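Engineer: Just to be clear, the model below is a prediction. Sequence and coordinates:
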Amino acid sequence: MALLSQAYGRVPRARPPRRAISVFTAGDSSPSKNMDVERKNLSECIFSMHIDGDSTDVYHPIYHYASQVFASLRQPSKVEVLTRKVEPNPDPPNLPEMEEKVKRKIYDLAFSTLKYQGLLEDMLSESGYYSYDAVIDENHSIIMVILCDMLNRKFVKRPYKKGEACIPYVQELEEDLLSFSTKLNASLARNRIKFQASSIECLLPENIRQRDEKGSNMPTYAWVNQLKTSVSEVTEALREEGFSMSKTWDGIQDMENTFALDGHCPNVLVFHSGCKEDLTSHELVQEGKLVLQDKTTCLGPHSVKQLLNEGDDIIHTNVGSGWTTAHVASLTTQDQCTVYGFGVKGQSRVDQVNGQMRKLEIENVKLIQDNIFDVQHTDPRFKNVKVVLVTPQDSRSGITNPVEYMLQEGDDASLLKELSQDNVDAEKLDELVSKHMDLLKHVMKFPKVQAVVYTTCSVFSEENENVVTKVMDYSNNARLPSKMPFRMIPPLIPLTPRDLDTQKSSKFLTIEPSEVMGGCFVAVLSREDEALSAADIIARAAAKGLCDGPASKKDDDDDTEETTESSKLKKKSSRTTPRGYPTAKKSVSARYLKGYKGGQGSAEKVVVKSSSSGQQKKVKPVRTASQMFAHHFSSDKPAQPDLQPYGVPLTQATISRMNATKQVRKDNSQTQQPKPFL
């Protein structure tokens, strides 16, 4: 091992133990000033640091926590796969309380390391930093994270600032990698030549590179909390602080400090992507008047609002970070509507979400820690629930900025692992689809529910329209006779002409990922009105002038009523257009069966039509096969010869009886005898 390492120009040396970490500040020369702290207390160093917007300002505590996130999400290396020494990853770390921009730097670095994991491991092996039989040790994660940051800095040495916290083992590994920077850079160049990549980003898979390009310039969205202020007041306050308002989204692409009103949601504002840092610390955001959230999560609450009536309650199946539940509650009347939120685990999480609600002055949200599948549909707490918002834990394949979405929605860090890979796990996708269908079936069984809004951040049809279609068919087939079926209605959000051109169907809303927003899916399942019949609905629409009044029953009575031959002739001759085939068949069948069962009707009655030459023409009525063989299934007396149904095969005895009583008819050469079966 030592000889191989010396051949590559590297002498192996022992690593310091990682149980206790010495932390000191840059500029301290006396070892006596060093202090030993446990890893769990390392967050104290972060709060004492000043973090600016420079991309090279990544310091040791961020390396430390990013390596823990990467270690819990990484894929097995090639050496581990070949030697069959794959060990399970540790659990994701629970980051201490820190500023959001610090968390963003930690997760950004970990996510970038996950995307370039294969390239980084090849560089370590080809450069000689790792020998061919090296065993992955506990320092592998921190080495990968530091190398990824060096790759982003193009192997430029990171400047140290006075007062910056330094961790000895991290500093030792960083200096060790810097000594191999030339060989590591040469290995990177060979990989770029091998794959003909003009940049480092071109080494990534096509779909991951396209997603990163779309998410890099994604605008920032925020919704106005109308319980504390109004849209006009917020826009006026932003103008006074130097923001300019544009009429369309196209006007904010090239100008910073610019915002516009969203075209789909009236209380959502769209800001330039460069306004993210300023808005995070803005007074409106700190006071709870403006909430930063991705637009894909705002379409569901506005769809729910359009379905609410006075006094209706709402169920939200997955609270998550609590911002979507708060958005729904802010669009309702506080004293007349209650929003029940599920999916909150632990009392500490409940207290955190309730604190957010108090900050936004929301009082009609009730968080329930029980699993929604354990809740009985007849629970009296949900007797007034009329609308359900279903936001399942989907694949998040439509998200273009995973780190930002994870921080806003409180998703698990495993989201970064799934979106850093090119392929899709088919087994996990099937498992998610099964969970979505079970959840949708469960909420549709609440007795008073009149509408269900189903939203995802996925681009897979298996999670979107396939789930909705299958569950709706299942629920309608399994429903009680007293319940009206569900039907899919068009989206309740105003759509632009561009949206209409890209829609797959008019029954649901599908938005593909773009530079404007991430991909999402919205479907609305509404139960048909139980109080009004079809005739009442038509009458109400006719009263409003939306359609003609209900059709008269006169024609139906004429079809079923027995009339004389002269009245039928008069009725048919007065028509200017022939009656449709189904109606004529129904009237003839009714007269035929009535005459047959009663035993008093005559033989088949011939309909007489007047031709253009003034001559009369006999036409046989058209009958179905069931009417032809009706006498075989009748419990009445056998039919008489003169009532033999038309088209039925006759026996020799029947023919002889009919010939004995056969009537002589006038010869008419224009009479057309129909075929036995039509």
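Structural biologist: Done, it's in. Numbers count the residues shown, from 1 in each chain.

Engineer: which residues of the stretch 151-300 of the chain fall in helices?
Structural biologist: Shown for the stretch 151-300 of the chain, the helices assigned by DSSP state H, counting those that start in this stretch span residues 168-179, 181-194, 206-216, 231-240, 276-280, 283-286, 299-305.

Engineer: now the closest residue to Thr229 other than its chain neighbours: how far from Asp313?
Structural biologist: Spatial nearest neighbour of Thr229, chain neighbours left out: Lys289 (4.6 Å); criterion: Cβ to Cβ, 6 or more residues apart in numbering. Any C-beta I mention is one placed from the backbone N, CA and C, and that applies to glycine too. Distance, Lys289 to Asp313, using Cβ to Cβ, to the nearest Å: 26 Å.

Engineer: Give the residue spans of this protein that score low on pLDDT.
Structural biologist: Counting by pLDDT under 70, the chain contains low-confidence residues at 1-58, 132-136, 480-482, 529-678.

Engineer: hey, which strand is longest across it?
Structural biologist: Ranked by residue count, the top strand of the chain under DSSP state E comes out as strand 520-527.

Engineer: For that one, name the packing helices and strands.
Structural biologist: Contacts defined by 3 or more Cβ pairs under 8 Å, 6 or more residues apart in numbering; DSSP states H and E place strand 520-527 against helix 299-305, strand 451-456, helix 465-478, strand 486-489, strand 508-511.

Engineer: Just want the angle from the third one to strand 520-527.
Structural biologist: Per axes from the mean of the first three to the mean of the last three Cα atoms, to 10 degrees, the angle that helix 465-478 makes with strand 520-527 is 10 degrees.

Engineer: Mind listing residues that contact helix 465-478?
Structural biologist: Identification of contacts with helix 465-478 by Cβ atoms under 8 Å, 6 or more residues apart in numbering yields 433, 436-437, 440-441, 444-445, 454, 485-488, 504-505, 508, 510, 521, 523, 525.

Engineer: tilt between that helix and strand 451-456?
Structural biologist: 150 degrees.

Engineer: Give the buried residues for helix 465-478.
Structural biologist: 465, 467-468, 471-472, 475-476 (16 or more other Cβ atoms under 10 Å).

Engineer: Can you show me the CA trace of that helix as CSV?
Structural biologist: Below are the C-alpha coordinates for helix 465-478, written out as CSV (Å, rounded to 0.1, in the frame of the first residue of the first chain):
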residue,chain,number,x,y,z
GLU,A,465,-53.9,11.7,-14.6
ASN,A,466,-53.6,7.9,-14.3
VAL,A,467,-54.1,8.1,-10.5
VAL,A,468,-57.1,10.5,-10.8
THR,A,469,-58.8,8.5,-13.6
LYS,A,470,-58.5,5.1,-11.9
VAL,A,471,-59.6,6.3,-8.4
MET,A,472,-62.6,8.2,-9.8
ASP,A,473,-63.8,5.1,-11.7
TYR,A,474,-63.2,2.9,-8.6
SER,A,475,-65.1,5.3,-6.3
ASN,A,476,-68.0,5.7,-8.6
ASN,A,477,-68.4,2.0,-9.0
ALA,A,478,-68.1,1.3,-5.2
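
Engineer: Run a quick neighbour tally on Lys154.
Structural biologist: A total of 10 residues lie near Lys154 under the criterion other Cβ atoms under 10 Å.

Engineer: ok so, going back, redo the helices of the stretch 151-300 of the chain as TSV? Include mean neighbour count and distance to Asn225.
Structural biologist: Shown next, in TSV, are the helices of the stretch 151-300 of the chain (neighbours: other Cβ atoms under 10 Å; distance: least, Cβ to Cβ, whole Å):
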stretch	mean neighbour count	distance to Asn225
helix 168-179	16	42
helix 181-194	15	48
helix 206-216	15	26
helix 231-240	14	9
helix 276-280	15	14
helix 283-286	14	9
helix 299-305	24	12
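
Engineer: export these to CSV and tack on distance to Glu138?
Structural biologist: Below are those laid out as CSV (distance: least, Cβ to Cβ, whole Å):
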stretch, distance to Glu138
helix 168-179, 10
helix 181-194, 21
helix 206-216, 28
helix 231-240, 49
helix 276-280, 35
helix 283-286, 40
helix 299-305, 43
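
Engineer: Which among those helices is found nearest to Cys265?
Structural biologist: helix 299-305 (5.0 Å; Cβ to Cβ).

Engineer: need the next SSE after the closest one, C-terminal direction.
Structural biologist: Using DSSP states H and E, the helix or strand that follows helix 299-305 in sequence is strand 313-316.

Engineer: Show me what that following strand is in contact with.
Structural biologist: Contacts to strand 313-316, defined as Cβ under 8 Å, 6+ apart, come from residues 304, 308, 324-325, 328, 332, 337-342, 372, 382, 384-389, 391, 443, 446.

Engineer: Just to be sure, which of these are found in helices?
Structural biologist: In helices, defined here by DSSP state H, the members of the contacts of strand 313-316 are 304, 324-325, 328, 443.

Engineer: Pick the one among those residues closest to Ile252.
Structural biologist: Lowest distance from Ile252 to the ones in helices among the contacts of strand 313-316 (Cβ to Cβ) belongs to Thr324, with 24.4 Å.

Engineer: give me the number of residues near Leu114?
Structural biologist: 21.

Engineer: give me the element it is part of.
Structural biologist: Here Leu114, judged by DSSP H and E, is contained in helix 100-115.

Engineer: pull the CA atoms of the helix or strand just after that helix into CSV?
Structural biologist: Later in the chain than helix 100-115, the nearest helix or strand by DSSP H and E is helix 117-126. Taking C-alpha atoms only, helix 117-126 is exported to CSV below (Å, rounded to 0.1, in the frame of the first residue of the first chain):
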residue,chain,number,x,y,z
GLN,A,117,-20.1,12.0,-7.3
GLY,A,118,-18.9,9.7,-10.1
LEU,A,119,-16.6,12.4,-11.6
LEU,A,120,-15.1,13.2,-8.2
GLU,A,121,-14.3,9.6,-7.4
ASP,A,122,-12.7,9.1,-10.8
MET,A,123,-10.5,12.1,-10.2
LEU,A,124,-9.4,10.9,-6.8
SER,A,125,-8.5,7.5,-8.3
GLU,A,126,-6.9,8.7,-11.5
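
Engineer: which strands and helices sit next to helix 117-126?
Structural biologist: Helices and strands touching helix 117-126, by 3+ Cβ pairs under 8 Å, 6+ apart, are helix 140-152, helix 181-194.

Engineer: returning to what we had before: TSV for the buried residues of helix 465-478, including distance to Gly410?
Structural biologist: Listed next are the buried residues of helix 465-478 as TSV, based on distance: Cβ to Cβ, whole Å:
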residue	distance to Gly410
Glu465	27
Val467	23
Val468	26
Val471	27
Met472	30
Ser475	30
Asn476	35
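
Engineer: Tell me how far Pro292 lies from Ala329.
Structural biologist: One thing to correct before we go on: residue 292 is Leu, not Pro. 17 Å.

Engineer: The two: which is more packed in?
Structural biologist: Taking neighbours as other Cβ under 10 Å, Leu292 and Ala329 compare with Ala329 leading, 24 against 19.

Engineer: how near is that one to Val387?
Structural biologist: Look at Ala329 and Val387: by Cβ to Cβ, they are 13 Å apart.

Engineer: go on, Glu233?
Structural biologist: The gap separating Glu233 from Val387 is 29 Å, by Cβ to Cβ.

Engineer: still on that earlier bit, so which of the helices and strands packed on strand 520-527 is nearest Cys148?
Structural biologist: Using Cβ to Cβ, these put strand 451-456 closest to Cys148, at 31.1 Å.

Engineer: can you list the residues that contact stretch 486-506?
Structural biologist: For stretch 486-506, using Cβ under 8 Å, 6+ apart, the contacting residues are 263-265, 299, 302-303, 306-307, 444, 452, 465, 468-469, 472, 475-476, 507-512, 522-528.

Engineer: How about stretch 60-73?
Structural biologist: For stretch 60-73, contacts defined as Cβ under 8 Å, 6+ apart pick out 21, 39, 42-43, 45-46, 49, 89-93, 95, 102, 105-107, 109-110, 113-114, 141-142, 144-146, 149, 164-167, 170-171, 174, 413-414, 416-417, 420.
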